[in-house]
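1. take this sequence and fold it.
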Amino acid sequence: MMKKPNRWLFRIGAVMVAAAVLYALWQFLQPEGLPDGLASGNGRIEAVEIDVATKTAGRIEDILVNEGDFITAGQILARMDTEVLQAQLKQAEAQKQQAVVSIETARHQVVQRQAERQAATSLVAQREAERDAAQKQFARSEELASRGTTSQQVLDTDRAKFESANAAVSAAQAQVAAADAAIATAEAQVINAQAAVDAAAATIESIQANIRDSTLRSPRDGRVQFRVAQPGEVLGAGGRVLNMVDLSDVYMTFFLPTESAGRVRIGSEVRLVLDAVPQYVIPAKASFVADVAQFTPKTVETASERQKLMFRVKAQIPPELLKKYIRDVKTGLPGVAYVRIEEGMEWPSSLQNLVPWQNQ
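-> Okay, here's the model as predicted:
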């Protein structure tokens, strides 16, 4: 009858020992408290996202990359159909050729109008000579009439010839003025034709630029995140084809309270620990500290911390490190950022296992 109490005592003792072991293990696994010269905040790895979009409306002819592909700056990612643009280019080239011909025609018109002016100028000289002769004849007749040696009819005839010669000179001078106006008009036509050639050339350059832009290239080294559209789809101007991330511009955004954020300097050393690889510590530097407080996003902090006003801090990962591990870089990974807010503060041993870089 005494065996049952002993069995219960044994079980209670085993439970107490197990609880003590679990508590000791929990205490052992708890992270060390941070020294006063360090601050920390939760965040996620982010990178600059770039939309590869069309410049003009058109149909997607082909997409040459898939989601997850690594791409380099200048690499062709997609091609847009350029059949309409090629037709517009031919039309613009024909218009330019037509304008070039118009220049030659207008120049010939200038030469012709200059010849007409020269002829009009010669006619003026001829009419002036005729007027001078008529004037002299009229003067002699007038003198003879005063002596009574010639008739009044002869005097009237010579007067009419003189006045007619004056009118002929005025008409010839008017022809010279008309020739000057015609020359100015012809020269204006040359200028207009040249402007038409320049306009056609500009149109050709614009269409050629659109044709070049119809070949979509990667602006930077990075990775394709997702394809927004598919070959055969028709997009408007600015329509997105691909979304990529710039793997040379990767950072973690985290939030600090006022007392910590106020002590963070641009360039302060930051160390990142990701949940996926907690055994490695990633070096970074504080590249941005918000000057306005905000409530922290739900995706970053706990519910109690969201009730506080925090300052957003951005920790930039060195491009050299990213280049060395470019195929291991993944955005969206959660982790913790530790920032040194006191110069000369020694990093805890748990934050000294930096990933090797800089030829280490």
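2. now do the strands in this structure.
-> Secondary structure of the chain (DSSP state E): strands at 38-53, 58-63, 70-71, 76-80, 215-217, 222-227, 234-235, 240-256, 269-274, 282-289, 294-295, 309-316, 334-340.
3. so for residue 193, which of these sits nearest?
-> Distance to residue 193, taken as C-beta to C-beta, is lowest for strand 58-63 among those, at 33.2 Å. The C-beta positions use only the backbone N, C-alpha and C, and glycine is treated the same way.
4. buried residues in the closest one, which are they?
-> Buried residues in strand 58-63, defined by neighbour count with 16 or more other C-beta atoms under 10 Å: 58, 60, 63.
5. if we can go back for a sec, adding mean pLDDT and distance to residue 141, write the strands of the chain out as JSON lines.
-> As requested, the strands of the chain are exported to JSON lines (pLDDT from 0 to 100; distance: least, C-beta to C-beta, whole Å):
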{"stretch": "strand 38-53", "mean pLDDT": "92", "distance to residue 141": "93"}
{"stretch": "strand 58-63", "mean pLDDT": "95", "distance to residue 141": "88"}
{"stretch": "strand 70-71", "mean pLDDT": "92", "distance to residue 141": "103"}
{"stretch": "strand 76-80", "mean pLDDT": "96", "distance to residue 141": "90"}
{"stretch": "strand 215-217", "mean pLDDT": "96", "distance to residue 141": "91"}
{"stretch": "strand 222-227", "mean pLDDT": "93", "distance to residue 141": "104"}
{"stretch": "strand 234-235", "mean pLDDT": "94", "distance to residue 141": "93"}
{"stretch": "strand 240-256", "mean pLDDT": "93", "distance to residue 141": "97"}
{"stretch": "strand 269-274", "mean pLDDT": "93", "distance to residue 141": "117"}
{"stretch": "strand 282-289", "mean pLDDT": "93", "distance to residue 141": "107"}
{"stretch": "strand 294-295", "mean pLDDT": "72", "distance to residue 141": "111"}
{"stretch": "strand 309-316", "mean pLDDT": "90", "distance to residue 141": "109"}
{"stretch": "strand 334-340", "mean pLDDT": "93", "distance to residue 141": "118"}
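6. number of nearby residues for residue 260?
-> Using other C-beta atoms under 10 Å, residue 260 has 18 other residues around it.
7. can you pull the contacts of it?
-> 39, 339, 341 (C-beta atoms under 8 Å, 6 or more residues apart in numbering).
8. among these, which one has the most neighbours?
-> residue 339 (27 neighbours).
9. so that one is in contact with residue 313, correct?
-> Yes. At 6.9 Å, residue 339 counts as touching residue 313 under the criterion of C-beta atoms under 8 Å.
10. overlap in contacts, those two.
-> The contact sets of residue 339 and residue 313 overlap at 41, 256, 264, 286 (C-beta under 8 Å, 6+ apart).
11. now these in a markdown table, with neighbour count and distance to residue 247?
-> What follows is the shared contacts of residue 339 and residue 313, written out as a markdown table (neighbours: other C-beta atoms under 10 Å; distance: C-beta to C-beta, whole Å):
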| residue | neighbour count | distance to residue 247 |
| --- | --- | --- |
| 41 | 25 | 23 |
| 256 | 24 | 26 |
| 264 | 20 | 26 |
| 286 | 23 | 21 |
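12. looking at those residues, which one is closest to residue 345?
-> Of the shared contacts of residue 339 and residue 313, the one sitting nearest to residue 345 (C-beta to C-beta) turns out to be residue 264, at 12.6 Å.
13. what's in contact with stretch 138-155?
-> By C-beta under 8 Å, 6+ apart, stretch 138-155 touches 158-159, 161-162.
14. just those residues now: which is nearest residue 291?
-> Closest to residue 291 out of the contacts of stretch 138-155 is residue 162 (96.6 Å), distances taken as C-beta to C-beta.
15. any idea how far residue 352 is from the spatially closest residue to residue 341 that is not a sequence neighbour?
-> Nearest-residue entry for residue 341: residue 263, 3.9 Å, with adjacent residues in sequence omitted and distances by C-beta to C-beta, 6 or more residues apart in numbering. Separation of residue 263 from residue 352 (C-beta to C-beta, to the nearest Å): 22 Å.
16. neighbour count winner among those two?
-> More crowded of residue 263 and residue 352, by other C-beta under 10 Å: residue 263, with 17 against 10.
17. next one: phi and psi at that one?
-> For residue 263, the backbone dihedrals (degrees, to the nearest 10) come out as phi -100, psi 0.
18. now do the contacts for it.
-> 39, 341-342.
19. coming back round to it: now the buried residues of strand 58-63 in CSV, with distance to residue 35?
-> Formatted as CSV, the buried residues of strand 58-63 follow (distance: C-beta to C-beta, whole Å):
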residue, distance to residue 35
58, 60
60, 56
63, 52
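20. closest one of the residues you listed to residue 106?
-> Of these, the one sitting nearest to residue 106 (C-beta to C-beta) turns out to be residue 58, at 37.9 Å.
21. from residue 77, how far out is that closest one?
-> Between residue 58 and residue 77 the computed distance is 15 Å (C-beta to C-beta).
22. now swap in residue 350 and tell me
-> From residue 350 to residue 77 the distance is 42 Å (C-beta to C-beta).
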